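**Student:** Provided below for reference: sequence and predicted model.
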Amino acid sequence: MYNIASMWENKNISRIVDRKQIGLGWLKAITEWTTDKTVFHNPHTHRNLELIFCMKGSLAYEIDGYGTVTMASGTGMVIPPETQHVLKGEMDSPGERIGFHIVNPTSLRRKYAVFSQSDISSFYDTMLNAAAHPFHISATLLGSVKELVGIVRKTNPSSAELGLLRALCCTILYRVAGEIGKPPAPPKSHMMDEAIRFLQNNCGRKIDTEDLVRHMGYGRSQLFALFKKHTGLAINEYLVRFRIEMAQRLLSQNMPADEVAKKVGFSSSRYFKKVFIKYTGQTP
């Protein structure tokens, strides 16, 4: 809608939709950050609660009183009002994120669209209590956020599109309050079983740890630690070992080595042979 980062405290903001356009008393602004290169990021605070959705890339925030908090693509997080925060190393890496700047309902005396002030207060408190704890963005919530982004990026949205924007804002707020308020699930083994299934089901194509991070919705360091605790292996090591085991089964069925290499996800027959010898002591 606008490219007016100079009006905001963060010069890296790509777009901002202000309160006047949004038309909801509880929401001061919607901001979008889109960067394709690493840029400087200043420590700063917001007067309002900030709800962040990490849509692409990964973020490591240093938040006063909370330490370093990592967000992966497909996760959200709340930063409390009047709390200084900055991306780790004061550098903003390539990526995309959306911010909701939510006003403390006790500071306003106005009618709230769709929700009552009591509803807004309840949502606000729920989010504040979960501050600095990343949460997984469900498929339903992600769909709403992506639809909202599509409108935010329009140069001249129609009045009907702005109406849809308001409806989406309310939908997103409601869904976030419901999802963020749930007690965090403990790192049970079945979660890592899903990580293993993903690697095994996709071993025949070019995948890496970032693909798994996006699929699981965990921060990188947390996922790496949980995976190693569950399997005893680093993610890349597990994937290579599984590919070699699968290759051995296929070779025992008289499949040509070149075809096996391609089937189990190796970039070339030469590299496959090198890795196979390393792990088995034999040529394929």
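**Tutor:** Ah, there it is.
**Student:** tell me which element M191 is part of?
**Tutor:** Taking DSSP states H and E as the definition, one finds M191 inside helix 189-201.
**Student:** what lies in contact with that helix?
**Tutor:** The contact list for helix 189-201 (CB atoms under 8 Å, 6 or more residues apart in numbering) reads 185, 207, 211-212, 215-216, 223, 226-227, 230-231, 235, 238-239, 242. Where you see a C-beta, it was placed from the backbone N, CA and C, and this is true even at glycine.
**Student:** just curious, which of those is nearest to K88?
**Tutor:** If you rank the contacts of helix 189-201 by distance to K88 using CB to CB, L223 comes first, at 17.6 Å.
**Student:** part of a strand, is R15?
**Tutor:** Yes. Under DSSP: H, G, I helix; E, B strand; the rest coil, R15 sits within a strand.
**Student:** run a quick neighbour tally on it.
**Tutor:** 19 (other CB atoms under 10 Å).
**Student:** now the closest residue to it other than its chain neighbours: phi and psi?
**Tutor:** Leaving out its chain neighbours, the residue that sits closest to R15 by CB to CB, 6 or more residues apart in numbering is E32, at 4.4 Å. The phi and psi values for E32, taken as degrees, to the nearest 10, are phi -130, psi 130.
**Student:** identify the bridge partners of E32.
**Tutor:** Applying DSSP bridges to E32 gives these bridge partners: R15, I98.
**Student:** pretty sure it contacts I98?
**Tutor:** Yes. With contact defined as CB atoms under 8 Å, E32 counts as touching I98 (5.6 Å).
**Student:** which neighbours do the two share?
**Tutor:** Listed contacts common to E32 and I98 are 149, 152; contacts here mean CB under 8 Å, 6+ apart.
**Student:** mind telling me what element L212 is part of?
**Tutor:** For L212, the element it lies in under DSSP H and E is helix 209-216.
**Student:** follow-up on the earlier one: selection in ChimeraX covering whichever of the contacts of helix 189-201 are buried, please.
**Tutor:** This is how ChimeraX selects the buried members of the contacts of helix 189-201, with burial counted by 16 or more other CB atoms under 10 Å:
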select :207,212,215,216,223,226,227,230,231,235,238,239,242
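**Student:** model confidence score at Y218, please.
**Tutor:** On pLDDT, Y218 comes in at 67.
**Student:** please read the previous query as pertaining to V39.
**Tutor:** So, for V39, pLDDT stands at 59.
**Student:** likewise for R110?
**Tutor:** Per-residue pLDDT puts R110 at 60.
**Student:** ok, P134 next?
**Tutor:** 87.
**Student:** the one 3 residues further on now?
**Tutor:** The model reports I137 with a pLDDT of 88.
**Student:** phi, psi for it please.
**Tutor:** Torsion angles, degrees, to the nearest 10, at I137: phi -90, psi 110.
**Student:** how many other residues sit next to it?
**Tutor:** 23.
**Student:** what of K20?
**Tutor:** Per other CB under 10 Å, the neighbour tally for K20 reads 7.
**Student:** how about the helix holding M191 as CSV, C-alpha atoms only?
**Tutor:** Extracted in CSV, the C-alpha atoms of helix 189-201 (Å, rounded to 0.1, in the frame of the first residue of the first chain):
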residue,chain,number,x,y,z
SER,A,189,9.3,-38.7,20.5
HIS,A,190,6.4,-38.7,18.0
MET,A,191,7.4,-35.2,16.9
MET,A,192,10.9,-36.3,16.0
ASP,A,193,9.3,-39.4,14.3
GLU,A,194,7.6,-36.9,12.0
ALA,A,195,11.0,-35.3,11.3
ILE,A,196,12.4,-38.7,10.4
ARG,A,197,9.4,-39.5,8.2
PHE,A,198,10.0,-36.2,6.3
LEU,A,199,13.6,-37.1,5.7
GLN,A,200,12.9,-40.6,4.6
ASN,A,201,10.0,-39.7,2.3
